[in-house]
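K.L.:
Need a 3D model of the following:
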Amino acid sequence: MKGRANSIAGVGTQDALFLGYLVKTDNGDSKMKYLPMILMLGTLFSIAIIACQQPIEPAVSHKLVVIGNQHAVPVFPDEQTYLHTSREKQQGGVVGVVGDVKQNLTAKQIDDQTPVQIVTADDYGAVITVTDGPMKGATGFVAKQNVD
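P.N.:
Here you go, the predicted structure:
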């Protein structure tokens, strides 16, 4: 059993040498000095944890832009709602008034210059996600002329 104890004591010696270094004392004993390596590893782990906490911003940022006499940008739940409402508004008369009311009920009004990320875009507009401000995280469809 004594031979087994010696072999177990020898396990991990190479790993210990990797993490520190041996120092010979005056009486001939050897002692491991781990502090410099532990400090370096702690610093590296701290940097990694801090780096992972920072959100990665999109490479290209866009903003919502009001046009004409608007005070805020209407953000519709989806493209079909936008197309249907805009067609009603263009017809004028009673149908146009219904389109205005429908826009006020279905579309969220988001402030001018609000930063957004474009998810997808087409000829009519873009599906966006608000990246900052009180409506952060809101998604929806915005007309092409309202995205910069």
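K.L.:
What residue spans form the domains of the chain?
P.N.:
According to the domain assignment given by automatic domain parsing, the chain is divided into the following structural domains: 2-53, 62-146.
K.L.:
Quick one: the strands in the protein, in order.
P.N.:
With DSSP state E as the criterion, the chain has strands at 21-24, 30-33, 62-63, 72-75, 108-111, 115-121, 125-130, 139-143.
K.L.:
Can you pull out the residues in contact with the fifth one?
P.N.:
Just to be clear, that refers to strand 108-111. Where contact means Cβ atoms under 8 Å, 6 or more residues apart in numbering, the residues beyond strand 108-111 that reach it are 64, 71-75, 130, 133, 135, 138, 140. (C-beta placed from N, C-alpha, C; glycine too.)
K.L.:
and if we set it to 10 Å?
P.N.:
Strand 108-111 is contacted from outside by 64, 66, 70-77, 103, 116, 128, 130, 133-135, 138-140, 142, 146, using Cβ atoms under 10 Å, 6 or more residues apart in numbering.
K.L.:
just the last one next, same as before
P.N.:
Counting contacts by Cβ under 10 Å, 6+ apart, the residues outside strand 139-143 that touch it are 62, 64-65, 67, 73-83, 86, 106-108, 110, 116-122, 124-130.
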